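S.K.: Need coordinates for the following:
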Amino acid sequence: MRYVSRMTQLQLASAALKEAIELFVRDEGLRPFSRRTGIPLGVVRAVLQERDISGANLLLITQALGLEFYIGPKRSSSPSTPISMEPADEADTAFLDKFDLQVSAGPGTMGVAIPSEPVPFSARWLRKHNLRASELALLEVKGDSQEPILFDGDPIMVDKAPSRPKTGQLYVVVRRDSIQVKWVTVLRKAFELVSENPDYPTERIDIHDAPDFYRVRWFVR
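M.R.: Predicted coordinates:
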C-alpha cells in the first residue's frame, strides 16, 4: 500500500469515518446509532477513539453509512455520475454562493473570486450536518493531483472563513502566489500539503509562512 507522507490511506479513511460517525452520534446518541446501524458499540467507540479496527469492521461501517470501501489499483479518471444534493422541493431549498474561481489540485493557481448565480442546495442536508448556507461557498477543482478522490471540474463546498487546520482533513489552501485543494498534515513546526495522486510530491510549509486554510465541507464524486 502506498504511503502518503506520515499518514496512510487507511488512516485518512479512518479520520473521515470518525468525522462521519460523530455527526450521527451527535444527533442520535451513541447507543441509538449503534442499534440503528447494527455496528457494534465497541466498534463505534474504537473509531471515535481513533483505535485500530479491522478491515471487516471498516467494511461494515461503510456499508451501514452508505459509503464505499475500496482497496485496489488507481481507478479510471473518467468522472462518475455526481451524487445530487439538490433540494427535493421549494421548502427544502437553500442557496449557496458560487464563485467562478478554479482551485488547483496541482501546483497551485491564482485568480479572483468572481460571484456568479447562487446555487440551490438541500437545506435539510445542511441542517443535518450543522452547516449554514451563508457561511459556505461553492468552488471548482482544477487539475488531477487529487484523483481518484477529486477530478478536474468537480464542485466543492468550502467554509468562507479560514480555520485552524487539523490533520487528515481537506482544505482549500490560499497562499500569496497560489490557491490549492490539499489534504493537510499538521506537524510541530510545519504543515504538509498532501495529494492523492502519487505523481505529485508532498509539499512542506514552515509554520511561520502559514497560509489560510478553508475547510472543504462537501464534494461530489
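
S.K.: And the strands in the protein?
M.R.: In the chain, the strands defined using DSSP state E lie at 3-4, 7-8, 93-104, 115-122, 136-142, 155-159, 169-175, 178-186, 190-194, 203-206, 212-219.

S.K.: Could you export those as a markdown table, including distance to residue 59?
M.R.: Quick note: C-beta positions are derived from backbone N, CA and C, even for glycine. Formatted as a markdown table, the strands of the chain follow (distance: least, CB to CB, whole Å):
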| stretch | distance to residue 59 |
| --- | --- |
| strand 3-4 | 21 |
| strand 7-8 | 17 |
| strand 93-104 | 32 |
| strand 115-122 | 28 |
| strand 136-142 | 28 |
| strand 155-159 | 27 |
| strand 169-175 | 23 |
| strand 178-186 | 23 |
| strand 190-194 | 25 |
| strand 203-206 | 33 |
| strand 212-219 | 23 |
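
S.K.: looking at those strands, which is closest to residue 56?
M.R.: With CB to CB as the criterion, residue 56 lies closest to strand 7-8 of the strands of the chain, at 17.9 Å.

S.K.: Show me this protein divided up by domain.
M.R.: Under the assignment automatic domain parsing, the domains of the chain span 3-64, 90-219.

S.K.: looking at those domains, which is buried most?
M.R.: Counting by mean count of other CB atoms under 10 Å, domain 90-219 has the highest mean neighbour count of the domains of the chain, with a mean of 17.

S.K.: need the domains of the chain in a markdown table with mean pLDDT, can you?
M.R.: Shown next, in a markdown table, are those (pLDDT from 0 to 100):
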| stretch | mean pLDDT |
| --- | --- |
| domain 3-64 | 71 |
| domain 90-219 | 84 |
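
S.K.: Quick one: closest of the strands of the chain to residue 65.
M.R.: Set against residue 65 and scored by CB to CB, the strands of the chain come closest in strand 212-219, at 15.0 Å.

S.K.: which residues sit in contact with residue 138?
M.R.: By CB atoms under 8 Å, 6 or more residues apart in numbering, residue 138 lies in contact with 96-99, 119, 155-158.

S.K.: Great, nothing more from me.
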